[in-house]
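A.B. asks: Pasting the sequence and the predicted model now:
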Amino acid sequence: MTLPEIDLPVYPDECDAFGHLNQASFLSLFERARWEMLRGGPGMDVFTRAGAWPALRKTVIDYRAAAFPGDVLRFQQTLTHHGRTSFTMRQTARRVHGETLIASAEFVFVCIDRDGHPTPVPREFTEYVNASRTPTGDVQRLMVHGVSLAVEVQGEGPAVLFVHGYPFDRTMWRDQIDGLEGYRRIAPDLRGMGQSDAPDLGYGMPIYAADLAALLDALGEEEVILCGLSMGGYIAFEFLRHWRARVRGLILMDTRAEADTPEGRRNRDAAAALAREGGSAAIAETMLPRVLDPKTLAQRPQVAERVRAMMANTPVAGVVGALAAMRDRVESESLLPTLAGLPTLVVAGEADGLTPPDQARTMAQAIPGARLVIIPGAGHLPPIEQPAATTACLRDFLGSIG
Ligand code: MLT
């Protein structure tokens, strides 16, 4: 089940002097869509019945295109975080005709009682929206450290844990999850990304790594081959610092061992400010040309659109949290020589401008016995840009681990 889509028309009295739907009306249409959703589910009085009121605490709206009188807008709503007394909804509005994205928004609510004190989110509301998040097929939801994470698990055999980068989600490993038969492929959405919960606070390399350890406990896996791309690599380093004995093999893809430079740290803060003001769509616009091989960008619009949508759909809280986690991460260069004896593969896209092949070469040289593979025709995202070549090089490496 997914939360129902709601169609609402734009009326002339909701528009400004130029005939555009005005900002106040946008907010009220988003609100109406939420109440309509409740009307079709547990009832509009679901909060009043429980003596709670969902008070709006924070709103981030990204206006993408104008809407005019007579347009019919289709509102989609998803729950991106659910806590004891608070929850976050992401809503999008598209023009029904042509499906143009008009606006997307994130709303953070805190339930309060009559005296204004925080009170639990009504159980009926929770059950209703959680039913919409019931995963299908190979995707499970597991509760770790108070956060509900989505994790895809496929196949039997030695476990391989795929850790995605920023601001992506587990679907970046689609081809590798589908293609690596003979292994138990485990691909979670990190907290704050994909279908996992996106709490407002509580991000950092230590907690991302601890989430992974807890996920493996829940799935009954003591040992894994750990495969991290970019930020996923930073998390892999952190995991190794704490749970080295649980790692049988290591794949470091388009990542780096250095901490951020002072300038890099300032850029993280600037990106967080951009996300707060312009939403994840603004981050997607600036990052898209940086993560793809220029040829992918120019010649493969479907690949570019898949990557752009993945980034634009990441909740703002998850984007801001990941930026702080990356800004504050410690260096891992001193860890590299200590990995002697751990089968390690370093992979880099030939046209990766963010973590260039030279950096991958230096990292591979610092890890005793590490192999290096450079993937032609890929930038920062070989699993998506060159899926078959990436899966093949992983298969070779996995086959070499005794
Ligand atoms: C990633 O892909 O995870 C990011 O590009 C990493 C970073 O910004 O350092």
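C.D. replies: Structure's in. What do you need?

A.B. asks: Could you list the low-confidence segments of the stretch 1-150 of the chain?
C.D. replies: Residues of the stretch 1-150 of the chain meeting the criterion pLDDT under 70: 1-2, 132-136.

A.B. asks: Kindly recompute the last result at 80.
C.D. replies: Within the stretch 1-150 of the chain, the stretches with pLDDT under 80 are 1-3, 80-81, 98-99, 130-137.

A.B. asks: Could I get the full set of strands for it?
C.D. replies: Listed in chain order, the strands found in the stretch 1-150 of the chain under DSSP state E, counting those that start in this stretch are 6-9, 53-63, 72-82, 86-95, 101-112, 139-144, 147-154.

A.B. asks: Take the ones you listed and write them to CSV, including distance to P120 and mean neighbour count.
C.D. replies: Yep, even glycine has a C-beta here, placed from its N, CA and C like the rest. Converted to CSV, those look like this (distance: least, C-beta to C-beta, whole Å; neighbours: other C-beta atoms under 10 Å):
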stretch, distance to P120, mean neighbour count
strand 6-9, 26, 16
strand 53-63, 12, 16
strand 72-82, 11, 20
strand 86-95, 10, 22
strand 101-112, 7, 20
strand 139-144, 17, 16
strand 147-154, 16, 20
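
A.B. asks: right, so of these, which gets closest to L354?
C.D. replies: With C-beta to C-beta, the closest approach to L354 among those belongs to strand 53-63: 23.8 Å.

A.B. asks: Need the CA coordinates for the closest one. CSV is fine.
C.D. replies: Presented in CSV, the C-alpha positions along strand 53-63 are these (Å, rounded to 0.1, in the frame of the first residue of the first chain):
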residue,chain,number,x,y,z
TRP,A,53,-2.5,18.2,17.6
PRO,A,54,0.1,18.0,14.9
ALA,A,55,1.8,21.4,15.3
LEU,A,56,4.0,22.3,12.3
ARG,A,57,7.6,23.0,13.5
LYS,A,58,9.5,23.3,10.3
THR,A,59,8.8,23.6,6.6
VAL,A,60,11.2,23.5,3.6
ILE,A,61,9.6,24.1,0.2
ASP,A,62,11.3,23.9,-3.1
TYR,A,63,9.3,25.7,-5.8
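
A.B. asks: thinking again about what came up before, columns distance to F18 on top of the strands of the stretch 1-150 of the chain, output as TSV?
C.D. replies: Output for these, formatted as TSV (distance: least, C-beta to C-beta, whole Å):
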stretch	distance to F18
strand 6-9	19
strand 53-63	14
strand 72-82	18
strand 86-95	17
strand 101-112	15
strand 139-144	44
strand 147-154	42
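
A.B. asks: of all those strands, which lies closest to the ligand?
C.D. replies: strand 147-154 (17.7 Å; C-beta to the nearest ligand atom).

A.B. asks: Partner strands of that closest one and their direction?
C.D. replies: Using DSSP bridges, the strands paired with strand 147-154 in its sheet are strand 139-144 (antiparallel), strand 184-188 (antiparallel).

A.B. asks: Centre of the chain to the shortest one, how far?
C.D. replies: What that stands for is strand 184-188. Relative to the chain's own centre, strand 184-188 is displaced by 15 Å; criterion: C-alpha atoms, centre = their mean, to the nearest Å.

A.B. asks: mean confidence for it?
C.D. replies: For strand 184-188, mean pLDDT is 97.

A.B. asks: One more: stretch 379-396?
C.D. replies: The average pLDDT within stretch 379-396 is 97.

A.B. asks: Mind exporting the C-alpha coordinates of it to PDB?
C.D. replies: Only the C-alpha atoms of stretch 379-396 are listed here, as PDB (Å, rounded to 0.1, in the frame of the first residue of the first chain):
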ATOM      1  CA  GLY A 379      32.800   9.100 -13.200                       C
ATOM      2  CA  HIS A 380      32.000   8.900  -9.500                       C
ATOM      3  CA  LEU A 381      29.300   6.300  -9.900                       C
ATOM      4  CA  PRO A 382      30.600   3.100 -11.700                       C
ATOM      5  CA  PRO A 383      27.800   0.900 -10.300                       C
ATOM      6  CA  ILE A 384      25.300   3.000 -12.200                       C
ATOM      7  CA  GLU A 385      27.400   4.300 -15.100                       C
ATOM      8  CA  GLN A 386      29.100   1.000 -16.000                       C
ATOM      9  CA  PRO A 387      27.000  -1.600 -14.200                       C
ATOM     10  CA  ALA A 388      28.100  -4.700 -16.100                       C
ATOM     11  CA  ALA A 389      31.900  -3.900 -15.800                       C
ATOM     12  CA  THR A 390      31.500  -3.000 -12.100                       C
ATOM     13  CA  THR A 391      29.600  -6.200 -11.300                       C
ATOM     14  CA  ALA A 392      32.200  -8.300 -13.300                       C
ATOM     15  CA  CYS A 393      35.100  -6.800 -11.400                       C
ATOM     16  CA  LEU A 394      33.400  -7.400  -8.100                       C
ATOM     17  CA  ARG A 395      32.600 -11.000  -9.100                       C
ATOM     18  CA  ASP A 396      36.300 -11.600  -9.900                       C
END
